[in-house]
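Colleague: Give me the fold of what follows.
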Amino acid sequence: MTDGEWSTRVDIQGKDELADLGTSLNTLAEQLQQHEHLRVTMTEDIAHELRTPLATLKSHMRALEDGIWEPTPERIHSCYEEIERLTQLVAELEDLTHVESPVFNCCEKKNHWRPLLREVKNWLLLPIVKNVHLRCSVSPHIQVFVDHDRMIQGSCESA
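Modeller: Numbering: from 1, shown residues only. Down below sits the predicted model:
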């Protein structure tokens, strides 16, 4: 496994501590194999997402450079939009890298559940779109350890 051989599994025999260790190693190998597959897939997806605006921008710039296109405000704006698209993709990639970083920390604090739930509920689109009324019956004494800002951010992003 240290050499990246994720398909290797431990042959488990018996029901003792060594068998438990073997089961844990097999589970770890399976999870590492899944993470490696996700990493490869994500890298391929990112490359594809970046390739499209780059190809468009390159063809636009080549047409301008070769005199096929006149540099009209509309065409320059089209190039600008592709640059903005690339900028947004890179920003999203940076956000993902930040969240996945081992130094990323949540600021978990004790929060009362009722006001937090009410705040999250306000961001949901379901009540607005489907004209559904949500009621929360939560004891005011229940407390949870969460990062308030991230909890609300997630709600805002899904809204």
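
Colleague: sec struct for P71, please.
Modeller: coil (DSSP: H, G, I helix; E, B strand; the rest coil).

Colleague: Next, the contact list for P53, please.
Modeller: 82-83, 85-86, 89 (C-beta atoms under 8 Å, 6 or more residues apart in numbering). In this view, the C-beta of every residue, glycine as well, is placed from N, C-alpha and C.

Colleague: Would you map the strands across the chain?
Modeller: 109-112, 143-146 (DSSP state E).

Colleague: Quick one: list the elements packing against the last one.
Modeller: The helices and strands touching strand 143-146, judged by 3 or more C-beta pairs under 8 Å, 6 or more residues apart in numbering; DSSP states H and E, are strand 109-112, helix 113-123.

Colleague: any idea which of these scores lowest on pLDDT?
Modeller: Of all the helices and strands packed on strand 143-146, the minimum mean pLDDT falls on helix 113-123 (a mean of 66).

Colleague: And V99, what's its pLDDT?
Modeller: Reported pLDDT for V99: 62.

Colleague: who's sitting farthest from the centroid in this structure?
Modeller: G67 (41.6 Å; C-alpha atoms, centre = their mean).
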